[in-house]
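**Student:** next come a sequence and a model predicted from it.
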Amino acid sequence: MALLDRAIVRVLPFVPRELVRRLASRYIAGPTLDDAVRVVRKLNAEGKLATIDVLGEEIRDGDAAREIALAYHRVFARIDDERLDSNVSIKLTALGLQLDEAMCRLHVEALVRDATERDNFVRIDMEDSSTTDATLRLYRDLRAAGHENVGVVLQARLRRTLADAQGLPNVRLCKGIYLEGPAIAYQDADEIRASFRATLATLFDQGSYVGIATHDEALIADALRQVRERGLRREQYEFQMLLGVRPERGDELVRDGHRLRVYVPFGEHWYEYALRRLQENPAIAGYAAADTLRRLRP
Ligand code: FDA
């Protein structure tokens with residue numbers, strides 16, 4: 001990342017919220033479920049699948065967790081009503097993981113039951129390393145209890161990931177957005193890529209269904225090679241991308257016959273997600289500069 005970009009990334013948390021909202025608008029469907037439905041309908045028309053994320057990570061009490069859980073049940077109902085091709089992605093901290101793990105588990109179980117009844121699916125996002133053990137524990141317990149409509153996420157950045165992959169049947173594999181220390185995480189971009197490739201190979205070797213979640217051309221190319229060499233059918237894996245990131249590359253994957261799922265976040269609590277997306281956008285300095293110029297113009 002260029003020097004100017006790095007400087008802008010550091011000051012982003014001090015940028016006015018309204019500017020952050022505008023800069024990040026391509027990454028977020030909007031504040032309401034109607035916004036998410038509109039975006040997913042368009043993606044489906046383009047031959048893409050979706051996963052809907054209700055934004056919200058800063059919950060302070062059980063009522064807030066219940067609100068998020070209810071919002072997800074409403075999402076499932078709308079997906080059915082509108083006949084959308086979409087599942088959901090949930091964050092355990094938004095369902096109260098750090099307040100009360102047992103309560104969080106009840107919310108997740110109810111959502112997975114709802115998904116099963118509707119022939120849908122719940123993906124459990126992976127958050128920072130303080131939540132990895134609890135997240136994998138809950139996922140393994142759900143599978144052991146016979147719930148098949150649920151998957152988890154692994155982060156190639158973490159040194160433990162290759163070992164964690166053993167025996168997991170349905171995984172989204174990504175680099176990992178949360179910056180972690182060198183004792184537990186690779187710091188070098190090439191090491192993270194090597195971990196991604198090795199974990200993907202392990203998952204494919206054991207027959208897992210993998211959501212290959214990256215916009216990194218080197219990793220997409222490697223995944224395509226692994227898929228080709230193994231002779232996998234298109235139902236055995238999917239590519240995944242974030243809304244607003246490299247959509248033209250997503251179009252190509254679809255044209256080439258691969259399944260592509262787009263992560264569609266919506267909701268009022270957009271700020272943390274928006275900051276993360278802007279911080280990994282290599283052209284953020286350009287956007288910020290252009291925006292500043294526009295605002296300075298009379
Ligand atoms: P990298 O960041 O190197 O990006 C590769 C290229 O993609 C860049 O050079 C640029 O061209 C483009 N690009 C990437 N981000 C961009 C942006 N914001 N704006 C513009 N261009 C951009 N993480 C996590 O810790 N837990 C999770 O549960 C998930 N879930 C998840 C779901 C899905 C569907 C995706 C695609 C990603 C996640 N992630 C995640 C995030 C993931 O860990 C990672 O931070 C991002 O995908 C960026 O990593 P890349 O592999 O794309 O590489």
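**Tutor:** Perfect, thanks for sending it.

**Student:** which residue packs closest to residue 169, ignoring adjacent ones?
**Tutor:** Nearest residue to residue 169 in three dimensions, chain neighbours excluded: residue 208, at 5.5 Å (Cβ to Cβ, 6 or more residues apart in numbering). Every residue, glycine included, has its C-beta placed from N, CA and C.

**Student:** again, but for residue 254
**Tutor:** Distance criterion Cβ to Cβ, 6+ apart; nearest residue to residue 254, sequence neighbours excluded, is residue 47 at 4.8 Å.

**Student:** do I have it right that the one you found meets residue 256?
**Tutor:** No: between residue 47 and residue 256 there is no contact under Cβ atoms under 8 Å: 11.3 Å.

**Student:** the two: who's more crowded?
**Tutor:** More crowded of residue 47 and residue 256, by other Cβ atoms under 10 Å: residue 47, with 15 against 9.

**Student:** show the pLDDT at the more buried one.
**Tutor:** Predicted confidence (pLDDT) for residue 47: 98.

**Student:** circling back: please tell me how far the residue nearest to residue 169 sits from residue 171.
**Tutor:** 6 Å (Cβ to Cβ, to the nearest Å).

**Student:** for the two, indicate the residue with more neighbours.
**Tutor:** Between residue 208 and residue 171, residue 171 has the larger neighbour count (other Cβ under 10 Å), namely 26 against 20.

**Student:** surely the more buried one is in a helix?
**Tutor:** No: assessed with DSSP: H, G, I helix; E, B strand; the rest coil, residue 171 is strand; it does not lie in a helix.

**Student:** so it bridges to which residues?
**Tutor:** residue 152, residue 210 (DSSP bridges).

**Student:** residue ranges of the helices in the stretch 151-298 of the chain, please?
**Tutor:** Counting by DSSP state H, counting those that start in this stretch, the stretch 151-298 of the chain has helices at residues 161-164, 189-205, 217-230, 247-255, 271-279, 284-296.

**Student:** how about the CA coordinates for the fourth one, as CSV?
**Tutor:** Right, helix 247-255. Provided in CSV are the C-alpha atoms of helix 247-255 (Å, rounded to 0.1, in the frame of the first residue of the first chain):
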residue,chain,number,x,y,z
PRO,A,247,-17.7,-7.2,-9.3
GLU,A,248,-16.3,-7.5,-12.9
ARG,A,249,-14.1,-10.4,-11.8
GLY,A,250,-17.2,-12.0,-10.2
ASP,A,251,-19.0,-11.6,-13.6
GLU,A,252,-16.2,-13.5,-15.3
LEU,A,253,-16.4,-16.4,-12.8
VAL,A,254,-20.1,-16.7,-13.4
ARG,A,255,-19.6,-16.5,-17.2
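
**Student:** roughly how far out does it sit from the chain middle?
**Tutor:** From the chain centre to the centre of helix 247-255 is a distance of 18 Å (Cα atoms, centre = their mean, to the nearest Å).

**Student:** list the buried residues in it.
**Tutor:** 247, 250, 253-254 (16 or more other Cβ atoms under 10 Å).

**Student:** what of stretch 157-177?
**Tutor:** Buried, per 16+ other Cβ under 10 Å, within stretch 157-177: 157-158, 161-162, 164-165, 168, 170-177.
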